[in-house]
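Enquirer: Build the 3D model from these lines:
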Amino acid sequence: VNVKNLDLSPKNLTALIEKVEEGVVSNLIGKEILTMMIDTGQSPDTIITEKGMAQVSDDNALESILDNVISENQNIVEQIQGGKETALGFLVGQAMRKSQGKGNPKKIGELLKRRLLNG
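Expert: A predicted model of the protein is given here:
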């Protein structure tokens, strides 16, 4: 594939990079959007809106997901509270799966630490 033949404008590519840097979409979702941009020629805003791909960073929405993840993984929660903080990554992964990849992983990690290590 010749780069010149791609239906991808510098403006749209820049817009996608900005969406990832601003946290509107995750890196992983950004890669998917890039593929869709190349395939369709659509702008990242259009794809994000039409496909509902915006990253979830709202505390209330994430807390609901975390309630489920915590209740389903009590053995991991106990390990974390027992000092094995590396197990937090597992719970972040579970929350990302439950959010269908739309959860903000940094925000999820912060909320989990606050709930499990400070309370």
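
Enquirer: element containing the nearest residue to residue 44 once chain neighbours are set aside, please.
Expert: Taking CB to CB, 6 or more residues apart in numbering as the measure, residue 44 lies nearest to residue 16, with 4.2 Å between them; neighbours along the chain are not counted. In short, each C-beta sits where N, CA and C put it, glycine included. Under the criterion of DSSP states H and E, residue 16 resides in helix 10-21.

Enquirer: any idea which helix or strand comes after that helix?
Expert: On the C-terminal side of helix 10-21, the nearest following helix or strand under DSSP H and E is helix 27-40.

Enquirer: relative orientation of whichever helix or strand comes after that following helix and helix 27-40 in degrees?
Expert: On the C-terminal side of helix 27-40, the nearest following helix or strand under DSSP H and E is helix 44-51. What separates the directions of helix 44-51 and helix 27-40 is an angle of 100 degrees, with axes from the mean of the first three to the mean of the last three CA atoms, to 10 degrees.

Enquirer: Can you verify my assumption that residue 43 contacts residue 37?
Expert: Yes: distance between residue 43 and residue 37: 7.5 Å, which falls inside the contact criterion (CB atoms under 8 Å).

Enquirer: Check the contact lists of these two and give me the overlap.
Expert: Residues touching both residue 43 and residue 37 comprise residue 12, with contact defined as CB atoms under 8 Å, 6 or more residues apart in numbering.

Enquirer: more neighbours, those two?
Expert: residue 37 (22 against 16; other CB atoms under 10 Å).

Enquirer: can you tell me how far that one sits from residue 82?
Expert: Using CB to CB, to the nearest Å, residue 37 is found at 46 Å from residue 82.

Enquirer: Mind pulling the model confidence for residue 66?
Expert: Reported pLDDT at residue 66 in the predicted model: 96.

Enquirer: Any buried residues in the host helix or strand of it, and which?
Expert: Residue 66 belongs to helix 59-72 when assigned by DSSP H and E. Under the neighbour-count criterion of 16 or more other CB atoms under 10 Å, helix 59-72 has 62, 65-66, 69-70 buried.

Enquirer: Name all residues that make contact with the closest residue to residue 41 other than its chain neighbours.
Expert: The shortest distance from residue 41 to any residue that is not its chain neighbour, by CB to CB, 6+ apart, is 3.7 Å, and that residue is residue 7. Residues near residue 7 by CB under 8 Å, 6+ apart: 38, 40-41.
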